[in-house]
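Engineer: here are the coordinates; sequence isn't available:
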């Protein structure tokens with residue numbers, strides 16, 4: 001019998017998480033990240049990163065959850081304490097939320113976010129933050145429709161790390177991100 005829902009990620013999920021990660025980023029960040037960044041994504045490397053996040057989370061309250069539909073992994077979310085310098089100690093951060101391309105708008109993102117927020121509340125969180133590329137309007141619209149709002153904070157993220165020589169420029173590629181927040185009380 002097929003299963004659907006959200007559960008904690010397992011190490012046996014890491015290859016599927018990495019594959020969704022690569023396909024989702026290439027699908028919705030094509031106009032945001034330089035092509036060489038998207039071309040350099042390696043599922044094996046990402047699987048190792050996700051395995052480490054699941055087995056040895058960098059912080060004890062960090063969690064990775066996955067959405068399952070018809071026994072297939074169709075999305076994931078990662079949540080942990082906010083590391084922003086101005087963060088309230090009871091703030092969590094939505095670190096990642098990706099859905100398999102072609103499986104969007106089927107409720108998986110909403111279920112993943114609800115499960116992550118439930119986990120955050122159960123561990124004492126009172127607010128949540130998420131950083132979103134300014135150009136990623138669909139993600140920002142999704143978060144805002146769920147009650148998140150910009151708080152006027154922004155940051156510039158240099159994405160030139162590991163740039164091939166032909167991609168190097170005097171002006172490194174920078175992505176401007178805006179911070180969205182929501183009250184969990």
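Structural biologist: Good, I have the coordinates. In this text the structure is predicted, and so the values were computed from the model without any measurement. Numbering: from 1, shown residues only.
Engineer: helices of the protein, start to end?
Structural biologist: 14-28, 35-39, 43-55, 108-122, 137-145 (DSSP state H).
Engineer: now for the last one, which elements pack on it?
Structural biologist: Packed against helix 137-145 by the contact rule (3 or more CB pairs under 8 Å, 6 or more residues apart in numbering; DSSP states H and E) you find strand 127-133, strand 174-183. C-beta coordinates here come from the backbone N, C-alpha and C atoms, glycine included.
Engineer: okay if I get those as JSON lines plus distance to residue 38 and mean pLDDT?
Structural biologist: Below are the helices and strands packed on helix 137-145 laid out as JSON lines (distance: least, CB to CB, whole Å; pLDDT from 0 to 100):
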{"stretch": "strand 127-133", "distance to residue 38": "13", "mean pLDDT": "94"}
{"stretch": "strand 174-183", "distance to residue 38": "13", "mean pLDDT": "93"}
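Engineer: which one of these lies nearest to residue 151?
Structural biologist: Checking the helices and strands packed on helix 137-145 against residue 151 by CB to CB gives strand 174-183 as the closest, at 4.8 Å.
Engineer: so what's the residue most central in space within the chain bridging to?
Structural biologist: By CA atoms, centre = their mean, the chain has its centre lying nearest to residue 96, at 1.2 Å. Applying DSSP bridges to residue 96 gives these bridge partners: residue 78.
Engineer: so what's it up against?
Structural biologist: By CB atoms under 8 Å, 6 or more residues apart in numbering, the contact list for residue 96 reads 21, 76-78.
Engineer: for the helices and strands packed on helix 137-145, which one ends up most surrounded?
Structural biologist: Stretch with highest mean neighbour count among the helices and strands packed on helix 137-145: strand 127-133 (a mean of 21; mean count of other CB atoms under 10 Å).
Engineer: okay, residue 157: pLDDT?
Structural biologist: Model confidence at residue 157, given as pLDDT, is 88.
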